[in-house]
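1. What would the 3D arrangement of this be:
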Amino acid sequence: MIHIHNLGFPRIGARRELKKALEAYWRGDIDAATLEDCGSELRARHWKIQAEAGLDLIPVGDFSFYDQVLDMSALLGAVPPRFNWHGGKVELDTMFRMARGRAPSGEPAAACEMTKWFDSNYHYMVPEFYAGQDFSLASSKLFDEVAEAQALGVPVKPMILGPLSWLWLGKVREGAFDKLELLSALLPVYADILHRLKQQGVEWVQIDEPILVLDLPAEWRQAFESVYHRLQGSGLKVLLASYFGALGENTRLACQLPVDGLHIDAIRAAQQIGDVLNWLPAWKILSLGVIDGRNIWRTDLDAALDYLDQARQHLGDRLWIAPSCSLLHVPVDLEQETRLEPELKSWLAFAYQKTGELAILKQALVAGRDALNNELETARAAIRSRRESPLTCRDDVRTRLAQIDEGMTQRHSRYSLRAEKQRAWLKLPLYPTTTIGSFPQTDEIRHCRRALRNGEISEADYVEQMQTQITTVIEKQQQLGLDVLVHGEPERNDMVEYFGEQLDGFAFTEYGWVQSYGSRCVKPPLIYGDIARPQPMTVSWASYAQSLSHKPVKGMLTGPVTILNWSFVRDDQPRADTCLQIALALRKEVQELEAAGIRIIQIDEAALREGLPLRRNEWQTYLNWAVRAFRLTASGVADETQIHTHMCYSEFNDIMPAIAAMDADVITIETSRSNMELLDAFEHFDYPNEIGPGVYDIHSPNVPEREQIVELMQKAARHIPAERLWVNPDCGLKTRGWPEVEKALANMVAAAQSLRT
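-> This next block holds a predicted model:
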């Protein structure tokens, strides 16, 4: 029998119920039992959605109060020593302290490092490893949720992160040793997990090994066979899941592992289906991920059925159908969207709708396409509408794109000459202090923005109130003694959404939220058509802020690659073309900021690294067009205008030539959680321009001490000459409260003053 199943469902709730409950718990407004009740309610609701869609197996274990990798670390008892866990059950507050540095109970401590989940905008908490580390079954969360689902009659398929992927994603913190040495201590705990699930009456378990789509060293490839042979014997059927790309040279290895089924991504790598069918043993299940788990476009069901029909000829009832990956990366339910243009809405499918698409595919395979003609014809009409719609194409934009020449991507002078002119113009002290751009988004700011949206105040009233907020932010920065100021971005809802709302070719949802990390949710724009800039987007705000101070105020933009990577992008043209369209629109904004007297312009490219393909042989193509798009945005200004960029929570060691090729005058990066590890890359590469290593972690409510910041900057000065160092937080301050922000920035300024002496 053909099965349809899911690899994971969004956990935040259709109205961000989980976010609100988490933040209420952290504030002390609700207790742990109320938070747990919210989790139970959301799980039951999401299981019901999937059951009503007709899924044969429904994932359990995909729900998390923060992050699934952190949950796995807790399940394995992998708690770093600084969190004072002494065995037994890993409590929820211990996990929150690992994630945030602080929880309603327990002593604050430095939070675990956070970084991007493969090439997505989801963040995970990095496991930490120590020589001689022990592991133990230290959480009942997975087993409790299995029992909860079974009591509701859910056909459960527990899911866990596989041992090799979990190890790969972690970092050695003490001692020099190979992470693979930990397998001998780790695998007995994995065996215990499988044994416990078998005792609960589970038939299938999903073990995610996404690293199978990476370029793996030989010793890691060899470890797969030994690990999965050692995990045999539980009596459970194992579905090994890969996603986000092609198995490539790992195809034969994955197909021949001693597991009962294999899941592959047929959206990102449909070309691998034939090779997998050739290597797959005649008894093994193959799950094809034919629904896009990373984007919101409706599936071309006829195209999917064409290659499902071919696969079924080889597999018969050993064919399973699923999304390409967990639906964590898409919003929950399209039906909530009442303001989208109807034609555009017909092109879309969110998590709820994608489970419905699975059901149609199964029924069409079993009963024939004629039996599902109404459903298929609806899908066909949507595909035709999108392909033929005038909304998607603009001749003027395509003409400008064709006219780009290399001169448009070059600054007038090399950095060393620009730097002299900028220092003479800006007259900044050694170790200049600044922030990344945003300041706290207070309830007052959000209320004002909501009032404008609901028509309760006029545009003029809104501008006046935002200018009042900007005035306050400028005054606070001057009182603190910061050297380069920002306007605080009170008018911005999100660093991508704000720009997309003012560019043609973008659309926005009301409830299209996805989780970025913890309680942090983002609402990505939908890029459905060619992109153009009808009018200035930031110039008036920056000009007003600059009029309030003799100190330089930065103009703040989100870069083209980040806007691209943090949007749901059209899939009917190359991503590179879409990115260059965004760059052309932003280039004009940069030039108008300069004309208005703004001499420092920050173009954030926080998502540059996350867009990097997972296979190294595909990197250069991506980096070429991504760097070109940034330079196209930034290069139309005079030497005296200083261009900054910001990148966060990524590894840069292996792409330093591309970072340097961006030719930003100043780059600010996250280094606080990694204890300045990233600066090794800048030293070994001999990075030529200026750097602002983030000296404190804005994702934690802990306030850094002056001495901590001095120590970090002294460590930075061993890598980078002091005259090329800036002092700044590691990211924007939007999510923090004013009391902690003022204390932290006061300590940061005091640290810079100490360093100057």
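2. where exactly do the strands run in the stretch 201-350 of the chain?
-> With DSSP state E, counting those that start in this stretch, the ranges of strands along the stretch 201-350 of the chain come out as 204-208, 237-241, 261-265, 285-291, 319-323.
3. Now render those as CSV, adding distance to residue 618, mean neighbour count and mean pLDDT.
-> C-beta: built from backbone N, CA, C; applies to glycine. What follows is those, written out as CSV (distance: least, Cβ to Cβ, whole Å; neighbours: other Cβ atoms under 10 Å; pLDDT from 0 to 100):
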stretch, distance to residue 618, mean neighbour count, mean pLDDT
strand 204-208, 22, 24, 98
strand 237-241, 22, 23, 98
strand 261-265, 15, 27, 98
strand 285-291, 19, 24, 98
strand 319-323, 23, 26, 98
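4. Figure out which of these is closest to residue 654.
-> strand 261-265 (23.2 Å; Cβ to Cβ).
5. among the strands of the stretch 201-350 of the chain, which is nearest residue 505?
-> For these, the distance to residue 505 is smallest for strand 285-291, at 25.1 Å, taking Cβ to Cβ.
6. what angle separates the closest one from strand 204-208?
-> 60 degrees (axes from the mean of the first three to the mean of the last three Cα atoms, to 10 degrees).
7. tilt between strand 285-291 and strand 237-241?
-> 40 degrees.
8. Name the residues that touch strand 285-291?
-> 3, 5, 7, 239, 241, 243, 260-267, 273, 276-277, 280, 299, 304, 307-308, 311, 315, 318-325, 354, 357-358, 361 (Cβ atoms under 8 Å, 6 or more residues apart in numbering).
9. how much does it deviate in direction from strand 319-323?
-> Using the same axes, to 10 degrees: strand 285-291 against strand 319-323 is 30 degrees.
10. can I get the CA coordinates of strand 285-291 in PDB?
-> Taking C-alpha atoms only, strand 285-291 is exported to PDB below (Å, rounded to 0.1, in the frame of the first residue of the first chain):
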ATOM      1  CA  ILE A 285      10.800   1.400   1.100                       C
ATOM      2  CA  LEU A 286      11.500   4.600  -0.900                       C
ATOM      3  CA  SER A 287       9.900   7.800   0.300                       C
ATOM      4  CA  LEU A 288       9.900  10.600  -2.400                       C
ATOM      5  CA  GLY A 289       9.700  14.200  -1.200                       C
ATOM      6  CA  VAL A 290       7.600  15.600  -4.000                       C
ATOM      7  CA  ILE A 291       5.900  18.500  -2.200                       C
END
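11. quick one: strands adjacent to it?
-> In its sheet, strand 285-291 lies beside strand 261-265 (parallel), strand 319-323 (parallel), with partners assigned from DSSP bridges.
12. Return the distance of the first one from the chain's centre.
-> Read it as strand 261-265. Computed by Cα atoms, centre = their mean, to the nearest Å, the chain-centroid distance of strand 261-265 equals 23 Å.
13. Equivalent analysis for the last one, please.
-> The chain centre lies 25 Å from the centre of strand 319-323; the measure is Cα atoms, centre = their mean.
14. Make 400 the starting number, not 1.
-> All right, first residue 400 from here; so that's strand 718-722.
15. Check the offset of stretch 840-850 from the chain's centre.
-> 25 Å.
16. Pull out the buried residues from it.
-> By neighbour count on 16 or more other Cβ atoms under 10 Å, the buried set for stretch 840-850 is 840, 844, 847, 848.
17. farthest pair in these?
-> Across these, the longest distance by Cβ to Cβ is 10.6 Å; it joins 840 and 847.
18. What helix or strand is the residue nearest to residue 1108 when sequence neighbours are not counted located in?
-> Ranked by Cβ to Cβ, 6 or more residues apart in numbering and with sequence neighbours excluded, the top spatial neighbour of residue 1108 is residue 1150, at 3.7 Å. Using DSSP states H and E, residue 1150 maps to helix 1137-1155.
19. Which elements pack onto that helix?
-> Under the contact definition 3 or more Cβ pairs under 8 Å, 6 or more residues apart in numbering; DSSP states H and E, helix 1137-1155 sits against helix 858-879, helix 1105-1116.
20. returning to that earlier point: nearest to residue 776 among the strands paired with strand 684-690 would be which one?
-> strand 718-722 (20.4 Å).
21. now what about stretch 724-741, what contacts it?
-> 405-413, 458, 461, 519-521, 642-643, 664, 688, 692-695, 744, 747-754, 906, 908-914.
22. Would you quantify the distance from the spatially most central residue of the chain to residue 571?
-> Nearest to the geometric centre of the chain sits residue 520, at 1.3 Å (Cα atoms, centre = their mean). Distance from residue 520 to residue 571, counting by Cβ to Cβ, to the nearest Å: 26 Å.
23. thinking again about what came up before, the helix holding residue 1150: which residues count as buried?
-> 1139, 1140, 1143, 1144, 1146, 1147, 1148, 1149, 1150, 1151, 1154.
24. Can you tell me the closest non-neighbouring residue to the second one?
-> Which is residue 1140. residue 1132 (5.2 Å).
25. need the contact list for the one you found.
-> Here residue 1132 is in contact with 834, 835, 837, 838, 839, 1097, 1140 (criterion: Cβ under 8 Å, 6+ apart).
26. any idea which of the residues you listed is the one closest to residue 1021?
-> So of the contacts of residue 1132, ranked by how close each gets to residue 1021 (Cβ to Cβ), first place is residue 835, at 24.8 Å.
27. so how far is residue 879 from that closest one?
-> Using Cβ to Cβ, residue 835 is found at 15 Å from residue 879.
28. And the two? Which one has more around it.
-> For residue 835 versus residue 879, the count of surrounding residues by other Cβ atoms under 10 Å is larger for residue 835: 25 against 17.
29. Wait, that one touches residue 1125, no?
-> No: assessed by Cβ atoms under 8 Å, residue 835 is found out of contact with residue 1125, at 10.8 Å.
30. shared neighbours, the two?
-> In contact with both residue 835 and residue 1125: residue 1067, using Cβ under 8 Å, 6+ apart.
31. Now tell me which of the contacts of residue 1132 the prediction trusts least.
-> Comparing pLDDT over these, the lowest score belongs to residue 1097 (79).
32. can you tell me which residues contact it?
-> Contacts of residue 1097 (Cβ under 8 Å, 6+ apart): 1128, 1129, 1130, 1131, 1132, 1134, 1135.
33. ok, of those, which one's closest to residue 956?
-> Taking Cβ to Cβ as the measure, residue 956 sits nearest to residue 1131 out of these, at 13.1 Å.
34. Name all residues that make contact with the closest one.
-> So residue 1131 contacts 834, 835, 836, 837, 888, 894, 1097 (Cβ under 8 Å, 6+ apart).
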